[in-house]
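Asker: could you work out the structure for the sequence below:
(2 chains)
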There are 2 protein chains.
Amino acid sequence: MMKTELARLIQRKTALTEEELASILKCFKLVKVNKHEHLLEQGEVADQLFFIQKGCLRLYYNTEEFGIVTRFMAFEHTFLTSLVSFIARDPSTEFIEAVEDSEVLSISHHDFLQLRESIPAWDKIYIYILEYGLTVITGRLSSILTQNATERYTSLLENNPELIQRLSNANLASYLNISPETLSRLKSRIFKQKK
Amino acid sequence: MMKTELARLIQRKTALTEEELASILKCFKLVKVNKHEHLLEQGEVADQLFFIQKGCLRLYYNTEEFGIVTRFMAFEHTFLTSLVSFIARDPSTEFIEAVEDSEVLSISHHDFLQLRESIPAWDKIYIYILEYGLTVITGRLSSILTQNATERYTSLLENNPELIQRLSNANLASYLNISPETLSRLKSRIFKQKK
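Answerer: Alright, predicted model coming up:
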């Protein structure tokens, strides 16, 4: 089981002994999920934090009025969970689904807390996870509050072209919080401008 | 200068010696701001973290297309800054303004980092600030993505009635991301239902 990328990320963020790093890595279990499989259902408490080794996960809401609404998408070498539920131990209001066949390294909330107590430097990793989560979610909220559909699409094209390449039109539209029809119009208009 | 509430919050979150607590409190300076005064302008790096002793601050964007859009409002005994800018040292895309005459305790980014190095327990406070920030911003994004105007207003009425009492109609509408006219209609409809 390869945990190289996770180990590398942890070592970049904090100074640890070999022993400490080994106890941390031991807490992460490899989980393979197929495309469309769920790692968390709405209403469950988020009991696992995932580090994506391969593939793509998304967080989404399923609402009566607006249907499926994507809150966040993450690819390789990113931590992901329904963080508010993971922190507060409240039932999650969202789902976690594999968008592609994926491999994640999963640590339980229990082990996560144990690490916070036994290895003080682990808090640096927790701070990294929180800072990262806060940065991406602020960007997302800011984009929804201040950008129109065209601006949202072009800024994604500039900052995160991988998302546009790897996601289906339906998923991409949901992520941009626009209809698939609007997305198709945008794509063909921007494609023409580029020619 | 009274720092009782700040001291109480810090002590609730982490175990500190009297000496450590004193060095922490020494880093916070009292700043008084008048209603409508700004503590941060768009384009500046957020160099201060505020703890609100009295009053109310808001974070807002000013966009060409949508005008003023409120991202967050905070009252007494809450930490607030443009966190992403404070973390990454990038220019802030938002403003911080006093909504009422306010008193804040302000710590500089420099002193904040110094505390992280000199008092390891300070990281527990930083984690508290990040967890809190992440929780409120996730709630905000979730509300914008999954609730219509009526649901947003009624859930605010249930969870945060203080906001409705203390904010002007214009500010409240901006916070709910609806027009002042829609807010007036909602208020009178819900008022009638309650009678």
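Asker: confirm A:Ala170 sits in a helix?
Answerer: Yes: counting by DSSP: H, G, I helix; E, B strand; the rest coil, A:Ala170 is located in a helix.
Asker: report the contact partners of the residue of chain A found nearest chain B.
Answerer: Closest approach between chain A and chain B, counting by Cβ to the nearest Cβ: A:Leu130, at 3.8 Å. The C-beta positions use only the backbone N, C-alpha and C, and glycine is treated the same way. Going by Cβ atoms under 8 Å, 6 or more residues apart in numbering or on different chains, A:Leu130 touches A:83, B:127, B:130-131, B:134.
Asker: who wins for neighbours among the residues you listed?
Answerer: Tallying neighbours with other Cβ atoms under 10 Å in any protein chain shown puts A:Leu83 at the head of the contacts of A:Leu130, with 23 neighbours.
Asker: per-residue pLDDT, the closest residue to it other than its chain neighbours?
Answerer: Distances taken as Cβ to Cβ, 6 or more residues apart in numbering or on different chains place A:Gly133 nearest to A:Leu83, at 5.3 Å, with adjacent residues excluded. We have a pLDDT of 95 for A:Gly133.
Asker: and whichever strand or helix holds A:Gly133, how far from the chain's centre?
Answerer: A:Gly133 belongs to helix A:122-146 when assigned by DSSP states H and E. Taking Cα atoms, centre = their mean, to the nearest Å, one finds helix A:122-146 lying 11 Å from the centre of the chain it belongs to.
Asker: of all the residues in that helix, which ones are buried?
Answerer: Counting neighbours by 16 or more other Cβ atoms under 10 Å in any protein chain shown, one finds that the buried residues in helix A:122-146 are A:122-131, A:133-134, A:136-138, A:140-142, A:144-146.
Asker: what angle sits between it and helix B:122-146?
Answerer: Per axes from the mean of the first three to the mean of the last three Cα atoms, to 10 degrees, the angle that helix A:122-146 makes with helix B:122-146 is 30 degrees.
Asker: after helix A:122-146 comes which helix or strand?
Answerer: Downstream of helix A:122-146, the next assigned helix or strand under DSSP H and E is helix A:149-159.
Asker: who's in contact with that following helix?
Answerer: Contact with helix A:149-159 is made by A:143-144, A:147, A:163-164, A:176-178, A:182-183, A:186-187, A:190, as judged by Cβ under 8 Å, 6+ apart.
Asker: can I get whatever helix or strand comes next after it in CSV? Just the C-alpha atoms.
Answerer: As assigned by DSSP H and E, the chain's next helix or strand after helix A:149-159 is helix A:161-166. Presented in CSV, the C-alpha positions along helix A:161-166 are these (Å, rounded to 0.1, in the frame of the first residue of the first chain):
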residue,chain,number,x,y,z
PRO,A,161,-8.8,23.6,-16.1
GLU,A,162,-8.4,20.0,-14.8
LEU,A,163,-12.0,20.2,-13.5
ILE,A,164,-13.3,21.2,-16.9
GLN,A,165,-11.5,18.3,-18.6
ARG,A,166,-12.3,15.6,-16.1
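Asker: helices and strands around helix A:161-166, which ones?
Answerer: Contacts defined by 3 or more Cβ pairs under 8 Å, 6 or more residues apart in numbering or on different chains; DSSP states H and E place helix A:161-166 against helix A:149-159, helix A:169-176.
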